[in-house]
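With the sequence up front, the predicted model follows.
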Amino acid sequence: AEDVSQKIHLGKEALSQLSNSTSNPTPSTHGASEFRLRSAIFDALIGCESFDEAASVLGGMDMSRVNLDAAERANAYVKVAETYLAVDEAVDAEVFVNKASSILDGMTDRRLQLRYRTTLARVLDSNRKFLEAAMRYYELSKVTDGVDPEDLLALLARAVTCACLGRAGPQRTRVLTMPFPDPRPG
């Protein structure tokens, strides 16, 4: 633990030096080094369960300064959002899930799409937008390809819970009836 703490401290010192660098390297070179360093510090802080600090370190990166492909950038945003949710910082998580949203349109990385959609549902849930969260959880509970059936049941349970917590009215009634289709002939 002391060794990891020392590595985190050294990483932060290097990040500070990199930020204060007078050599003024090109933004892509400087940005790539900063991103790798921030990612390493992020991983170390996650290992120490310092989630808020980890999210701040990686979330503090100006991603426009890095030559990352869309999937790498979206993955970083989703990781930051997930980490903020781990410490109930839904407002900060929403900022990063929204950043990921603009990048993910049309992207084919299925696992990243599922992580994003799950994180979005959790953000909506945390922000007490229960009916929207219920719809997202329900949509996710219908995904069957490569997802553990127990996870799907947990998502369905979250959908029902959020629907029950939502404001009474016709939308809530529609959301509550989605998992329970009417078996009567009609």
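Received the coordinates, thanks.

Show me what the longest helix seen in the chain is packed up against.
If you go by DSSP state H, the chain has its longest helix at helix 27-47. Counting contacts by 3 or more C-beta pairs under 8 Å, 6 or more residues apart in numbering; DSSP states H and E, helix 27-47 is packed against helix 2-19, helix 51-59, helix 70-86. All C-beta spots, glycine's among them, are computed from the backbone N, C-alpha and C.

quick one: the first one to helix 27-47, angle?
Meaning helix 2-19. Angle of helix 2-19 versus helix 27-47, following axes from the mean of the first three to the mean of the last three C-alpha atoms, to 10 degrees, is 160 degrees.

for the chain, which spans come out with low pLDDT?
The model of the chain has pLDDT under 70 over residues 1, 19-29, 181-186.

contacting residues around Tyr84?
Contacts for Tyr84 (C-beta atoms under 8 Å, 6 or more residues apart in numbering) come out as 51-52, 55, 59, 90, 92-93, 96.

Please repeat the previous calculation with a cut-off of 7 Å.
By C-beta atoms under 7 Å, 6 or more residues apart in numbering, the residues touching Tyr84 are 55, 92-93, 96.
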